[in-house]
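> Quick one: sequence plus predicted model below, questions after.
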Amino acid sequence: MAKLVGVFAASHAPLIVRGWKDVSVPNQESLTRSMTELGRRMKAAEPDVIVEIAPDHWVNFFINNLPSICVGMGEEHDGPAEPWMKDCPYKKIKGHPRLAGHIVETALERDFEPSVSHHLTLDHGFCIPLWRGGLDPLPPIVPIIFNDLEPPYPTVRRCLQWGGMLAEAVRTYPEDIRIALLATGGLSHSIGEPTMGEIDEPFDRECIRHFESGDERRLVDFLNERLPTIGNGAAEIRNWVAAHGAAGKRGFELIGYCNCPEVYVGCGFASWNLGARA
Amino acid sequence: MRDYWLSKLFFDLQSSPPLGAEYRADRKKILDRYPLKPEVRKAVERDDVVFLAARVNPYLLRFYFVVTGMPENEFLKRVRNAGAETAARSSHG
């Protein structure tokens, strides 16, 4: 049977790539340290496949057809389409249709109805943490897109449950493979809004404390109350919530946090301690 | 509120660098392909960030003004004004 060998989360601010030279040296060092450590932990987990949750930044979907959750079932996906991601080494990204299919079947059994895609383009949200973490070559990826960009969003509670379902799908997958989960996005930021550029570090710190405490109710209540009051980019914390659910809602460990105004994002990087090495 | 054709224009422009280049060279030619309401088209022609911000997803708004080449500081100034104008309107009932 398959094993869940690691659960991780990372911010994916575009300006980490597009505006890197304008980032202050201390913030460059902080981000590099965190992204390198994240990559080291991911590689140390030796995953055969990475299930990755990220939003779609208007690359695959538009408001004529906007899934809340979409599972990428294809044999292959395209690398990022953004012109400023041209140096990213991932031009074509191998998928894992069997695991993706099992996730979708498990989801349906558990009363989730995700949409599916047999060919996705994986934008910077998927690729920056993997690239900057030094995962090259990449293991196959099962991409899962959460709609964190255009309201109405999936509820925080449902994202937590989705994570639990994902862990079950990994446990019941019949092949003897090692599976890691990476969730990307957040923490606080605001894009294209009147508050653009504002980072709410107290919110981010409190959010981190709720992940650390493992108190599910307080985490969900906190996010339900606060997410509507801060910048739109924090909606992506839903992806972290799913990772938290997959990890059994415990074991959160912050790798690093950088309040980085040059990239407009309160950048967080984390992993979940899953207990004894699988 | 989302204006569908405005959103579609912004989505298409940020999806296709060649279309973006064509747009920068001749806005009218591209705008003629989209059935925009007259007031929306005028706002696009005027780079009226405040008007447009109320009608599209904020990320698409941001991507659109990157495509048009509006300097970052200018966009930040205008989008922040969108907040000030909304607040002013609410305070006047």
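On my side now, so go ahead.
> how close does A:Asp215 sit to chain B?
Separation of A:Asp215 from chain B (Cβ to the nearest Cβ, to the nearest Å): 32 Å. Every C-beta, even on glycine, is put in place using the N, C-alpha and C of the backbone.
> Looking at B:Ser15 now. What's its pLDDT?
We note a pLDDT of 95 for B:Ser15 in this prediction.
> for stretch A:173-190, the distance to its chain's centre please.
For stretch A:173-190, the separation from the chain centroid amounts to 6 Å (computed by Cα atoms, centre = their mean, to the nearest Å).
> what's the neighbour count on the closest residue to A:Gly231 other than its chain neighbours?
Nearest residue to A:Gly231 in three dimensions, chain neighbours excluded: A:Ser190, at 2.6 Å (Cβ to Cβ, 6 or more residues apart in numbering or on different chains). If you count neighbours by other Cβ atoms under 10 Å in any protein chain shown, A:Ser190 ends up with 21.
> So A:Ser190 sits against A:Ala235, correct?
No. Judged on Cβ atoms under 8 Å, A:Ser190 makes no contact with A:Ala235 at a distance of 10.5 Å.
> Which residue does chain B have closest to chain A?
B:Gly83 (2.4 Å; Cβ to the nearest Cβ).
> Surely that residue is in contact with A:Met196?
No. The criterion here is Cβ under 8 Å, and B:Gly83 misses it with A:Met196 at 9.2 Å.
> Show me which residues of the stretch 51-200 of chain A sit near chain B.
Within reach of chain B by Cβ under 8 Å from any Cβ of the partner chain, the stretch 51-200 of chain A has these residues: A:57-59, A:62-64, A:81, A:83, A:149-150, A:191-197.
> Check the residues you listed for burial and list the buried ones.
Neighbour-count burial (16 or more other Cβ atoms under 10 Å in any protein chain shown) is assigned, among those, to A:57-59, A:62, A:81, A:149-150, A:191-197.
> Now for these: which two are most distant?
Across those, no pair lies farther apart than A:Ala81 and A:Pro194, at 28.4 Å, counting by Cβ to Cβ.
> quick revisit: you'd agree the residue of chain B closest to chain A is in a helix?
Yes. B:Gly83: assigned to a helix according to DSSP: H, G, I helix; E, B strand; the rest coil.
> Excluding chain neighbours, give the residue nearest to the residue of chain A found nearest chain B in space.
In chain A, no residue comes nearer to chain B than A:Pro194, which is 2.4 Å away by Cβ to the nearest Cβ. Computed as Cβ to Cβ, 6+ apart, the closest residue to A:Pro194 that is not its neighbour in sequence is B:Gly83, at 2.4 Å.
> what are the ranges of the strands in the stretch 151-278 of chain A?
A:178-184, A:252-260, A:265-272 (DSSP state E, counting those that start in this stretch).
> what helices or strands is the shortest one leaning on?
Just to be clear, that refers to strand A:178-184. strand A:3-10, strand A:49-54, helix A:124-132, helix A:156-171, helix A:237-246 (3 or more Cβ pairs under 8 Å, 6 or more residues apart in numbering or on different chains; DSSP states H and E).
> cool, and the last one?
Other elements packing on strand A:265-272 under the criterion 3+ Cβ pairs under 8 Å, 6+ apart are strand A:3-10, helix A:25-44, helix A:201-213, helix A:237-246, strand A:252-260.
> Please identify the most buried of these.
Mean neighbour count, computed with mean count of other Cβ atoms under 10 Å in any protein chain shown, is highest for helix A:237-246 among the helices and strands packed on strand A:265-272, reaching a mean of 28.
> List of residues touching the least confident helix or strand in chain B by mean pLDDT?
Every helix and strand of chain B was ranked by mean pLDDT, DSSP states H and E. The lowest is helix B:72-91, at a mean of 81. For helix B:72-91, contacts defined as Cβ atoms under 8 Å, 6 or more residues apart in numbering or on different chains pick out A:192-197, B:47, B:49-50, B:53-54, B:61-62, B:65.
> Show me which residues of chain B sit near chain A.
Residues of chain B lying near chain A (Cβ under 8 Å from any Cβ): B:2, B:4, B:7-8, B:11, B:14-15, B:17, B:53, B:57-63, B:76, B:79-84, B:86.
> Could you list the low-confidence segments of chain B?
B:86-93 (pLDDT under 70).
> one more time with 80
Along chain B, the parts satisfying pLDDT under 80 run over B:83-93.
> same thing with chain A?
Where chain A drops to pLDDT under 80, the residues are A:276-278.
> let's see 50
A:277-278 (pLDDT under 50).
> For the residue nearest to A:Pro194, grab the count of nearby residues.
Neighbours of B:Gly83 (other Cβ under 10 Å): 15.
> Check which residues of the least confident helix or strand of chain B are buried.
Buried, per 16+ other Cβ under 10 Å, within helix B:72-91: B:Phe75, B:Leu76, B:Arg78, B:Val79, B:Arg80, B:Ala82.
> ditto for stretch B:62-72
For stretch B:62-72, a neighbour-count test (16+ other Cβ under 10 Å) marks B:Arg62, B:Phe63, B:Tyr64, B:Phe65, B:Val66, B:Val67 as buried.
> mind listing what the fourth one touches?
Translated: B:Phe65. Contacts of B:Phe65 (Cβ under 8 Å, 6+ apart): B:Asp47, B:Val49, B:Phe75.
> same thing but 10 Å
For B:Phe65, the contacting residues are A:Gly192, B:Phe10, B:Gln14, B:Asp47, B:Val49, B:Leu52, B:Pro71, B:Glu72, B:Glu74, B:Phe75, B:Arg78, B:Val79, by Cβ atoms under 10 Å, 6 or more residues apart in numbering or on different chains.
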